[in-house]
Structures are given as C-alpha cells and as structure tokens.
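Undergrad: here is a sequence together with a model predicted from it:
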Amino acid sequence: MIPAKEELIKELTFKTSRSGGKGGQNVNKVSSKVELIFNIEQSLLFTVDQKSLLIERLATRLDAEGNLHIVSQEDRSQLLNKQRTILKLVDLLARSLHVQKKRKPTKTPKAVIEKRLNHKSAVSSKKENRKRPSID
C-alpha cells in the first residue's frame, strides 16, 4: 500500500540548515538540521483516492502550496537526521492511509444471556439465604 523508500526518496526534497541545541562549536559549523518537503498532489506513487485521503487527514500539516514538511534535528549527524525524517514520513503516510474496518453489529448469543441470568439468580438466592429468617 505504501511505496518503497527508494521510490519515495525520488519525490522528496531536502533542505539543510544549522540546528540549535547541543553540539558546541559543531552547531555553528555544520548544517545538521534536515527538513523534508513532500508534495502529495504532485506525487506519482499514490492513486487519486489515496491523495485525497492524505490531503484530508494531513490538512493541518500542509502549507499553502500543499507541501508536507517534516523536520529533524535530534542528531548531530545530517545523515541520521535525513534518515529520521524519511522514517517519520513513512510512518505518517502509513497511519494516514490506514482505513479502519466497518464494525459489523452482532446480537448477543442466547447462551450468553441465559448464563448471565442464571448467574444473577444464583447470586440473588445466595444473598437471600444469608438473611435472618423472618418470624411469621
């Protein structure tokens, strides 16, 4: 259902920049922050139905041009951050394309209803037997 990473990478655009956080002088020298940009509408990997589903479910994450942006700056390595953004994208696409099955309503089996009522009457009689006998 989801295309292979190799096919997906061909349609992605990556931007790098200097990230904040730990790393000392490395932060000031190396562009380790990676931003992945993916345009859903221009993708050739998804059907029209899949595209509309993705656009609907990811509407809050899309910019004005319909691009999906995913950023990673956790690692000091640009390569690791790039791999992390790809994994995030694959996971996001998988969760967005997942369609939940319709629930088929079922009746409660008669045996289950009967068992519940028998248990209920057994508990009732047990509690009835615990009472003090009334003097009539």
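TA: Structure received. Residues are numbered from 1 along each chain as shown.
Undergrad: next secondary structure after the helix or strand of the chain with the lowest mean pLDDT?
TA: Using mean pLDDT, DSSP states H and E, helix 25-29 stands out as the lowest-scoring helix or strand of the chain, at a mean of 70. Note on helix 25-29: by DSSP states H and E, the next helix or strand toward the C-terminus is strand 33-39.
Undergrad: so for that following strand, what's the average pLDDT?
TA: Averaged over strand 33-39, pLDDT sits at 91.
Undergrad: chain center to the helix or strand following that strand, what's the gap?
TA: For strand 33-39, the succeeding helix or strand toward the C-terminus, using DSSP H and E, is helix 48-57. Its chain's C-alpha centre lies 15 Å from the corresponding centre of helix 48-57 when counted by CA atoms, centre = their mean, to the nearest Å.
Undergrad: which of the residues in helix 48-57 are buried?
TA: 50, 51, 53, 54 (16 or more other CB atoms under 10 Å). C-beta here means a position set from N, CA and C on the backbone, and glycine is covered the same way.
Undergrad: what's the closest of these to residue 43?
TA: Nearest to residue 43 among those: residue 51, at 6.9 Å, using CB to CB.
Undergrad: ok so, going back, widest-spaced pair of the buried residues of helix 48-57?
TA: 51 and 53 (7.3 Å).
Undergrad: pick out the residue closest to the middle of this protein.
TA: In the chain, the residue lying closest to the centroid (CA atoms, centre = their mean) is residue 95, at 4.1 Å.
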